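*Asks:* give me a 3D structure for the following:
(chains A and B)
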Amino acid sequence: MASFTDFVSRHWREMLTLTGEHFLLVLAAISVAVAVGLPTGILLTRRPALKRSVLGVANILQTIPSLALFGFLIPLPLIGGIGERTAIVALVLYALLPIVRNTVTGIEGVDRHVREAALAMGMTDGQILRQVELPLAMNVILAGVRVAAVICVGVATIAAAIGAGGLGVYIFRGLRMYDNTLILAGAVPAALMALVADYGIGRLESRLGATARSSSKANKPRKRVLLTRIAWSIAGLLCVILGLVYFAAERRLFQGENKSRLVVGSKDFTEQVVLGELLAQTAEAAGFEVERQFELGGNLCHDALVAGRIDLYPEYTGTAFTAILRHVPISNAEQVYETVKKEYADKFAVEVSDPLGFSNDFAILVRGADARGLNLKTVSEAASYAPGWRAGFGQDFMSRADGYAGFTKAYNLSFNRHPLEMDLSLTYRALAAGEVDVIAGNSTDGLISALDLYQLEDDRRYFPPYQAVVLTRRDALLSKPLLREALAKLSGSISTEDMRRLNYEADAKKRDIKEVVREWLLKRES
Amino acid sequence: MAARNDETVVEFRRVTYHPTNAPQPIVADLNFTVRRGETLVLLGESGCGKTTTLRLINRMLTPTSGDVVVSGKPTGEWDPIQLRRSTGYVIQEAGLFPHFTVERNVALVPRLEHWEDKRSLSRAHEMLSLVGLEPGIFATRYPHELSGGQRQRVGVARALAADPPILLLDEPFGALDPLTRAALQKQFVNLCRQIGKTSVFITHDIREALLVATRIGLMRAGRLLLIETPSEFLQSTDAYARAYRDTLGLDTLGLDTLGLDVLRRAPA
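*Replies:* Predicted coordinates for the structure are as follows:
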């Protein structure tokens, strides 16, 4: 808890910004959902034949897992892509059901006799709606808005996965770095926001309910004025928000035309963010205006690149080869690189850059002291010590086809004790602390240098190569010759040791990534 | 021929209402007229088509065949909104708007007709006085703050506010306790005499029918069996009319036509 308050006191500005982003996402989504859902609900009470199908569709939308929904939306034109617009679209889809349903329920719940009297008094349908049904249904409708708002505050945390910002940025970062403080820094304000929305709209609800059936005589005219005023301010706010959303969308479209503008993406782990930042700063140095769409989850980077939502992002040849192109893993680095380069050009109109210099492979690690003491350089040399060693491997390594099973077979390894299966991030410290003697980590992890670990050479070339490259849309390269030039400078420029140091600065020392990258670029220049 | 009579306000000409999803007509072959200033009571059991008949008059429903002629024009040719605003309507649960004050409820139709606010309000207060509710006390209350009888009076006041030539009442006093009901019935009779309104009044209570009617129309299974004055009705030879009359227990008390006067003069 102390670390949490400490974090808040140091990062309150950023927390406020993210909270603000989060709030605006929810506000925009709810405004659009009300603007769409209320008329839809009203229409359904007028055309009951549509009710089943429309509510059915809304129901189905509600059941789509949020990350999947974001994934579906990315390739769509206009409403899709990455960033706030897509997030708002997804949130609107989630918010629609409670609003539409409660509008229908609220209006249908108006006393039959009241409606009959209204009709018999000669009120038109519009007059019945505005003067009778909506005022009497208002608290039920608001209850729907309340539910929608609470849902949206929750779902909006996932919007960080597609670069829409908000408090999810902290939560995702915290999950990745096993940092509970960060998770709390995202979750606590989000929970508070949900509670405040619930309470605030709940207050409004009971207030309107009280106006509809008020008992204190003195307040009546004032309350009616208040009701009207609230209705008008909601309508006004709605217009402003819609205007802003439209303006933002316009601007984005307009910027898309801009020749000197680039969108750089990255996946959602530290090394990728560092590389993304490196690409962004390199492009900026070449005179481009850069929009950063970092920390995209899963294969979103690939989807976004192919859909033209981002222009470039860092990738690993092995990942492209197996996860995207779906080839069976092979160990020849050159062959993997050439295949990826050719197939990306043919299939996706994407250019694969020269290798950046380092690979993020599986790394068989031992303590530096052991390597020196036993004079070990390669995995083959270590095989004879293996029976007496305790191994600690991540779940991923234990379960993959190209992981533990194949590895032990390739080197004819046998451990007397079954390997300890543990979380990957914990294996480094377990090794350094002497609890295990050999682990399979990532070759660029900053902890390797920091904890004085030694990477044994994969002398039988068992592990598939994961060379770092930059993937760029061909369109972007063709329309921006300067970009090709700038990227060419990066070729072969980052050694494994460089990458480890950068990761260590960002991950273990938790330094600002922009700053770390800026320093590294400066040092390289000089 | 009745249309030539100036005194005819509403006329049913061979009116049948048979919605497509119903096995048989709700009302069939209705022929009758309502004359200016009279109170026609439609008497019958629940489900006999009384309410449907009433709703055909203000075009809440339109006949499947035949014509309902109101003020010389078939309802099909009326603008339904205009027709309803010139037809007062009172229903059992009053149907007051819970979010409107009493005076706003009563002033509803005048406002819809774009009367000036001041005129609408003074009219509403006038109507409240007419139905025996002191405007100073009741005007700014909400419906839920009133008793059932008071709400029903407000319902009547609302129906009368725009001075419609016709008043339709669908069991207006049905949900009230016997004492309140008797008081309201008595007041309604006086009101009708006072303002000379043409009304169609629905009830299943023979006592109420005898009290308020100038003529009684007896309905059964969607058909109009007979239309008679209350004294004719008490002496009717129709078996169904006799069954209704017998429920009064007048025979055992040795009363007959005389009973009507007794009933009407009884203090409320």
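*Asks:* what does the stretch 51-200 of chain B put close to chain A?
*Replies:* B:58, B:60, B:80-87, B:89, B:91-99, B:101, B:108-109, B:112, B:140-142, B:144-145, B:155, B:158, B:168 (Cβ under 8 Å from any Cβ of the partner chain). From N, CA and C alone the C-beta is placed, and that goes for glycine too.
*Asks:* going through the residues you listed, which ones are buried?
*Replies:* With burial judged by 16 or more other Cβ atoms under 10 Å in any protein chain shown, the buried subset of those is B:58, B:60, B:80-81, B:83-87, B:89, B:91-99, B:101, B:108-109, B:112, B:140-142, B:145, B:155, B:158, B:168.
*Asks:* looking at the residues of the stretch 51-200 of chain B next to chain A, which are in helices?
*Replies:* Counting by DSSP state H, these place B:P80, B:I81, B:Q82, B:L83, B:R84, B:R85, B:L108, B:V109, B:L112, B:G155, B:R158 in helices.
*Asks:* which residue is the nearest non-sequential neighbour of the residue of chain B found nearest chain A?
*Replies:* Proximity of chain B to chain A (Cβ to the nearest Cβ) peaks at B:G95, 2.9 Å away. For B:G95, ignoring the flanking residues on the chain, the nearest one in space by Cβ to Cβ, 6 or more residues apart in numbering or on different chains is A:A117 at 2.9 Å.
*Asks:* please give the element, helix or strand, for the one you found.
*Replies:* Per DSSP states H and E: A:A117 is located in helix A:112-120.
*Asks:* also B:S231?
*Replies:* Assigned by DSSP H and E, B:S231 falls in helix B:230-234.
*Asks:* only alpha carbons, please: show the helix or strand following that helix as PDB.
*Replies:* Sequence-wise, the next helix or strand downstream of helix B:230-234 (DSSP H and E) is helix B:239-246. The C-alpha trace of helix B:239-246 is given here as PDB (Å, rounded to 0.1, in the frame of the first residue of the first chain):
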ATOM      1  CA  ALA B 239     -86.100 -11.300 -20.200                       C
ATOM      2  CA  TYR B 240     -82.600  -9.900 -19.900                       C
ATOM      3  CA  ALA B 241     -83.900  -6.500 -18.800                       C
ATOM      4  CA  ARG B 242     -86.100  -8.200 -16.200                       C
ATOM      5  CA  ALA B 243     -83.100 -10.200 -14.900                       C
ATOM      6  CA  TYR B 244     -81.300  -6.900 -14.300                       C
ATOM      7  CA  ARG B 245     -84.400  -5.300 -12.700                       C
ATOM      8  CA  ASP B 246     -84.800  -8.300 -10.400                       C
END
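*Asks:* what is helix B:239-246 packed up against?
*Replies:* strand B:215-220, strand B:223-228, helix B:230-234 (3 or more Cβ pairs under 8 Å, 6 or more residues apart in numbering or on different chains; DSSP states H and E).
*Asks:* which other helices and strands contact the first one?
*Replies:* Meaning strand B:215-220. Against strand B:215-220 (3+ Cβ pairs under 8 Å, 6+ apart) you get strand B:39-43, strand B:223-228, helix B:230-234, helix B:239-246.
*Asks:* which one of these lies nearest to A:V328?
*Replies:* strand B:223-228 (85.8 Å; Cβ to Cβ).
*Asks:* that closest one vs strand B:215-220, what angle?
*Replies:* 160 degrees (axes from the mean of the first three to the mean of the last three Cα atoms, to 10 degrees).
*Asks:* mind listing what's buried along strand B:223-228?
*Replies:* So for strand B:223-228, counting by 16+ other Cβ under 10 Å, buried means B:L224, B:L225, B:L226, B:I227, B:E228.
*Asks:* for the one residue in chain A that gets nearest to chain B, what are its contacts?
*Replies:* Nearest to chain B, among the residues of chain A, is A:A117, at 2.9 Å (Cβ to the nearest Cβ). Shown in contact with A:A117 (Cβ atoms under 8 Å, 6 or more residues apart in numbering or on different chains): B:Y89, B:I91, B:A94, B:G95, B:L96, B:F97, B:G155.
*Asks:* now, which of these lie within strands?
*Replies:* Taking DSSP state E, the ones among the contacts of A:A117 that sit in strands are B:Y89, B:I91.
*Asks:* got CSV for the contacts of A:A117, with pLDDT too?
*Replies:* What follows is those, written out as CSV (pLDDT from 0 to 100):
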residue, pLDDT
B:Y89, 93
B:I91, 86
B:A94, 77
B:G95, 87
B:L96, 93
B:F97, 94
B:G155, 92
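*Asks:* ok, which stretches of the chain are strands?
*Replies:* All of this is about chain A. Counting by DSSP E, the strands of chain A are A:261-267, A:289-296, A:312-316, A:350-352, A:362-367, A:391-393, A:420-421, A:438-442, A:453-456, A:468-473.
*Asks:* hmm, I had chain B in mind actually
*Replies:* Going by DSSP E, chain B shows strands at B:8-17, B:27-35, B:39-43, B:65-70, B:73-74, B:87-91, B:166-170, B:198-203, B:215-220, B:223-228.
*Asks:* give me whichever of those is most buried.
*Replies:* strand B:87-91 (a mean of 27; mean count of other Cβ atoms under 10 Å in any protein chain shown).
*Asks:* what lies in contact with that one?
*Replies:* Contacts for strand B:87-91 (Cβ under 8 Å, 6+ apart): A:113, A:116-117, A:120-122, B:57-58, B:70, B:152, B:155-156, B:158-160, B:162, B:164-172, B:197.
*Asks:* kindly report the same for stretch B:9-28.
*Replies:* Contact partners of stretch B:9-28, identified using Cβ under 8 Å, 6+ apart, comprise B:2-3, B:29-36, B:49, B:52-53, B:56-57, B:61, B:63-71, B:165-166, B:198, B:200, B:222-223.
*Asks:* again, but for stretch A:425-440
*Replies:* Contacts for stretch A:425-440 (Cβ under 8 Å, 6+ apart): A:178, A:362-367, A:370, A:382, A:386, A:389-394, A:397, A:403-404, A:407, A:420, A:422, A:441, A:445, A:447-448, A:451-453.
*Asks:* the same query, at a cut-off of 6 Å, please.
*Replies:* Residues from elsewhere that reach stretch A:425-440 (Cβ atoms under 6 Å, 6 or more residues apart in numbering or on different chains): A:178, A:362, A:364-366, A:389-393, A:397, A:420, A:447, A:451.
*Asks:* just these that are near chain B?
*Replies:* Among the contacts of stretch A:425-440, no residue is within reach of chain B (Cβ under 6 Å from any Cβ of the partner chain).
*Asks:* export the residues you listed to TSV and tack on pLDDT and neighbour count?
*Replies:* Converted to TSV, these look like this (pLDDT from 0 to 100; neighbours: other Cβ atoms under 10 Å in any protein chain shown):
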residue	pLDDT	neighbour count
A:Y178	61	11
A:F362	86	24
A:I364	93	24
A:L365	94	26
A:V366	94	22
A:W389	92	18
A:R390	89	17
A:A391	90	24
A:G392	88	26
A:F393	88	22
A:F397	81	21
A:L420	82	16
A:L447	85	22
A:L451	87	18
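*Asks:* can you name the two of the residues you listed that sit furthest apart?
*Replies:* Farthest pair in the contacts of stretch A:425-440, by Cβ to Cβ: A:Y178 and A:W389, 25.6 Å.
*Asks:* and B:T237, how many neighbours?
*Replies:* 7 (other Cβ atoms under 10 Å in any protein chain shown).
*Asks:* what pLDDT does residue 187 get?
*Replies:* Chain wasn't specified; assuming chain A. In this prediction, A:A187 carries a pLDDT score of 88.
*Asks:* should've been chain B
*Replies:* At B:Q187, pLDDT is 86.
*Asks:* please report how far it lies from B:V200.
*Replies:* To B:V200, B:Q187 is 19 Å away according to Cβ to Cβ, to the nearest Å.
*Asks:* ditto for A:R473
*Replies:* 78 Å.
*Asks:* got it, and A:A161?
*Replies:* 68 Å.
*Asks:* with B:C192 instead?
*Replies:* 12 Å.
*Asks:* do A:L43 as well
*Replies:* A:L43 is 36 Å from B:V200, by Cβ to Cβ.
*Asks:* pLDDT at B:A139, what is it?
*Replies:* Looking at B:A139, its pLDDT is 92.
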